[in-house]
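Visitor: This is a predicted model, with the sequence first.
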Amino acid sequence: MDRKTERLPKALYVAGDLAAIVITQVLVYFGTRFFLAGRELHVLTGALDAHIPFIPAWIVVYLLAFPTWVIGAVLILSESRSHARLFLRAYILALLLAGLIFLLWPGTMARPQLLGDGFFIRLTRLIYEADTPTNLCPSLHVLSSFFCWRGTLGCRKIPSWYSVFNLIFLILVCFSVLFVKQHALIDIPVAILLGEATVRVSLFLDSRTK
């Protein structure tokens, strides 16, 4: 049996798990919006949010998060089948609970008027046009970046520098969602607490099966 054949089962389950994450996230984020028509939306911004400046250049970090999630998820899911199961269960559970929050406590926020025609303004305008200011709390941007860091902890195949990089990138993503006015402050800690809670639940369920 050649090496390519030996790697095939892992490639299949990694691809399947990654597809499950992507499909769940898309369904949760966009699917729940069908149920928001006519609903009262809660303004999530507070006094502190008003003091956060709008810095369109941070849209670059916001957009770089997407490929970072894919790379991170592939590496984490490739660590081992047991680690992939823990990661996938926690991630999917967090997304489903986030969707429940979107439905039970739908939030919104005012976004700035985009003036000018600079490069970063154009990128931000594209995001604003494609993404309505709903389904804010918890921030799925922060939640996904959290899992890309949290999932690296305890991995033997993933170098420690990559885990540090993902932690730094998580912090940068937290700043980016605020500076491009895609999220309010409250969306960040809720996402991180939700992510950590589902990790603990996944670890507990795994311990019960051993």
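Guide: Great, that's in hand.
Visitor: going forward, measure contacts and count neighbours with C-alpha atoms only.
Guide: Will do.
Visitor: how much space between the most centrally placed residue in the chain and Asp117?
Guide: Nearest to the mean C-alpha position of the chain, by C-alpha atoms, centre = their mean, lies Ser144 at 2.3 Å. Distance, Ser144 to Asp117, by C-alpha to C-alpha, to the nearest Å: 30 Å.
Visitor: ok, now how distant is the residue nearest to the centre of the chain from Ala94?
Guide: Counting by C-alpha to C-alpha, the gap from Ser144 to Ala94 is 10 Å.
Visitor: same deal with Ile23?
Guide: Taking C-alpha to C-alpha, one finds Ile23 at 14 Å from Ala94.
Visitor: Looking at those two, which has the bigger crowd around it?
Guide: Ala94 (26 against 12; other C-alpha atoms under 10 Å).
Visitor: Quick check: the more buried one is in a helix.
Guide: Yes: applying DSSP: H, G, I helix; E, B strand; the rest coil, one finds Ala94 inside a helix.
Visitor: quick one: pLDDT of it?
Guide: In this prediction, Ala94 carries a pLDDT score of 98.
Visitor: pretty sure it is touching Thr198, no?
Guide: Yes: between Ala94 and Thr198 there is a contact under C-alpha atoms under 8 Å: 5.9 Å.
Visitor: ok, now which ones touch Leu100?
Guide: Counting by C-alpha atoms under 8 Å, 6 or more residues apart in numbering, Leu100 touches no other residue.
Visitor: And for the one 5 residues further on?
Guide: Under the criterion of C-alpha under 8 Å, 6+ apart, the contact partners of Trp105 comprise Leu41, His42.
Visitor: Tell me how far it lies from Leu44.
Guide: Counting by C-alpha to C-alpha - Trp105 and Leu44 are separated by 10 Å.
Visitor: what are the ranges of the strands in this protein?
Guide: Ranges of strands within the chain are 42-43, 107-108, based on DSSP state E.
Visitor: Now tell me what touches the first one from outside.
Guide: Spelled out, it's strand 42-43. Trp105, Pro106, Gly107, Thr108, Met109.
Visitor: what's the closest of the residues you listed to Leu36?
Guide: Leu36 has its nearest neighbour among the contacts of strand 42-43 in Pro106, at 7.5 Å by C-alpha to C-alpha.
Visitor: for that closest one, phi and psi?
Guide: Dihedral pair for Pro106: phi -70, psi 130, per degrees, to the nearest 10.
Visitor: Assess the claim that it and Leu36 are in contact.
Guide: Yes: at 7.5 Å, Pro106 counts as touching Leu36 under the criterion of C-alpha under 8 Å.
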